[in-house]
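>>> dropping a prediction and its sequence here:
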Amino acid sequence: MIEKRAIWLQTAITSAVEAGGAILEVYNSADMGVEKKADNSPLTLADRRSHDIIMADLAGFGIPILSEEGRNIPFAERKQWPRMWIVDPLDGTKEFIKRNGEFTVNIALAEAGRSTMGVIYVPASDTLYFADLDLGAFKIDAYQKIGIGEKKSIEMDNLKSLVKKAVRMPLRQKKDRSFTIMGSRSHATPELEAYVETMRNQYGEVEFISSGSSLKICLVAEGRADIYPRLGPTMEWDTAAGQAIAVASGAQVVRHDDGRVLAYNKENLLNPWFVVKRP
């Protein structure tokens with residue numbers, strides 16, 4: 001992995017962790033500063049603080065940044081970008097407001113419409129997932145205890161040290177576990193229920209796990225789940241980081257309708273229905 005990409009990835013990691021710290025300050029406070037966006041979905045003070053931290057940290061690379069706040073950038077401008085950061089500063093805002101811990105910070109790098117690098121940090125559990133397609137996919141529990149990767153010293157050696165302390169995904173799993181399906185905790189649909197029933201008919205005993213945010217993709221990347229069908233709307237910033245991590249772990253992220261790989265920097269930033277699955 002060349003040094004430039006290593007520094008990009010290490011910066012994304014340290015930024016996600018710093019943003020996660022700011023999110024937890026709001027999470028543990030009495031007032032989350034909840035507002036409503038134009039589509040009536042919630043926005044909190046934590047979203048805004050996380051966004052500001054990540055924008056400042058990534059600005060120095062000269063790579064354009066796409067997040068929900070930049071959704072109105074004209075496609076005529078975006079389609080000229082050879083690469084772009086795709087950021088969701090707080091994925092799982094509904095779970096954040098419920099205080100169930102199932103929310104994440106997502107940072108991805110997309111190149112030529114392909115998600116190639118991803119970082120997902122889970123502030124409530126201090127769990128870090130990170131990947132580059134040329135490096136592989138990794139997980140670290142209790143990230144803050146390992147004491148490397150501080151902003152003051154972002155170098156390729158830090159990433160090498162991080163990889164040594166991480167576990168490579170997929171993780172070793174029990175051979176006798178049931179076929180496991182991930183589903184959304186806050187966005188269940190009749191189509192998902194029908195899909196799960198189809199899987200029960202095919203595999204017999206099936207375990208269904210509900211979870212919030214991009215954790216659903218992470219569990220497939222770990223190998224703890226076999227499939228995550230998303231039969232409902234998502235945006236590019238909801239999935240880009242998770243896709244890089246899943247693909248680097250050997251999983252697939254494909255459209256539900258035609259099996260093509262989920263693409264990025266589309267004219268319409270709304271994702272089609274998709275499936276994350278292990279081979």
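Nice, thanks for sending it over.

>>> does Val254 sit in a helix, a strand or a coil?
Using DSSP: H, G, I helix; E, B strand; the rest coil, the structure places Val254 in strand.

>>> got a list of what it touches?
The contact partners of Val254, by C-beta atoms under 8 Å, 6 or more residues apart in numbering, come to 260-262, 274-275, 277. C-beta coordinates here come from the backbone N, C-alpha and C atoms, glycine included.

>>> distance to Ala112 and secondary structure added to these, as JSON lines?
Supplementary listing: the contacts of Val254 in JSON lines, determined by distance: C-beta to C-beta, whole Å; DSSP: H, G, I helix; E, B strand; the rest coil:
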{"residue": "Arg260", "distance to Ala112": "15", "secondary structure": "coil"}
{"residue": "Val261", "distance to Ala112": "12", "secondary structure": "strand"}
{"residue": "Leu262", "distance to Ala112": "14", "secondary structure": "coil"}
{"residue": "Phe274", "distance to Ala112": "19", "secondary structure": "strand"}
{"residue": "Val275", "distance to Ala112": "23", "secondary structure": "strand"}
{"residue": "Lys277", "distance to Ala112": "24", "secondary structure": "strand"}
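
>>> drop anything exposed from these.
Neighbour counting over the contacts of Val254 (16 or more other C-beta atoms under 10 Å) leaves 262, 274-275, 277 as the buried ones.

>>> check what pLDDT the residue lying closest to His256 once chain neighbours are set aside gets.
When the adjacent residues along the chain are set aside, His256 lies closest to Trp273, with 3.9 Å between them (C-beta to C-beta, 6 or more residues apart in numbering). As summarised for this prediction, Trp273 has a pLDDT of 96.

>>> how about Ile148?
With respect to pLDDT, Ile148 has a value of 55.

>>> likewise for the one 10 residues further on?
According to the per-residue confidence, Asn158 scores 81 in pLDDT.

>>> run a quick neighbour tally on it.
The local packing count at Asn158 equals 20, with neighbours defined by other C-beta atoms under 10 Å.

>>> would you say it is within a helix?
Yes - counting by three-state DSSP, Asn158 is part of a helix.

>>> Glu236 versus that one, what's the distance?
Look at Asn158 and Glu236: by C-beta to C-beta, to the nearest Å, they are 28 Å apart.

>>> which residues does Ser249 contact?
Residues 131, 136-137, 169-170, 221-223 are the ones in contact with Ser249 under the rule C-beta under 8 Å, 6+ apart.

>>> also Arg83?
Residues in contact with Arg83 (C-beta under 8 Å, 6+ apart) are 63, 109-112.

>>> same thing but at 7 Å, please
Contact partners of Arg83, counting by C-beta atoms under 7 Å, 6 or more residues apart in numbering, are 63, 109-111.

>>> most neighbours, which of the residues you listed?
Using other C-beta under 10 Å as the contact criterion, the top neighbour count among those goes to Leu109, which has 27 neighbours.

>>> from Phe130, how far out is that residue?
Between Leu109 and Phe130 the distance is 11 Å, computed by C-beta to C-beta.

>>> for Pro272, give me phi and psi.
In this entry, Pro272 is assigned phi and psi values of phi -70, psi 170 (degrees, to the nearest 10).

>>> that one: what's its closest spatial neighbour, skipping adjacent residues?
Using C-beta to C-beta, 6+ apart and skipping residues adjacent in sequence, the residue nearest Pro272 is Arg255, 5.1 Å away.

>>> list the residues that contact that neighbour.
For Arg255, the residues meeting the contact criterion (C-beta under 7 Å, 6+ apart) are 262, 272, 274.

>>> so what's the last one up against?
Under the criterion of C-beta under 7 Å, 6+ apart, the contact partners of Phe274 comprise 230, 253-256, 262.

>>> 8 Å instead?
With contact taken as C-beta under 8 Å, 6+ apart, Phe274 is in contact with 229-230, 234, 239, 253-256, 262.

>>> I'd like those residues as JSON lines, with pLDDT appended.
Formatted as JSON lines, the contacts of Phe274 follow (pLDDT from 0 to 100):
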{"residue": "Pro229", "pLDDT": "95"}
{"residue": "Arg230", "pLDDT": "94"}
{"residue": "Thr234", "pLDDT": "95"}
{"residue": "Thr239", "pLDDT": "98"}
{"residue": "Val253", "pLDDT": "98"}
{"residue": "Val254", "pLDDT": "98"}
{"residue": "Arg255", "pLDDT": "97"}
{"residue": "His256", "pLDDT": "95"}
{"residue": "Leu262", "pLDDT": "97"}
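
>>> nice, that's everything, thank you.
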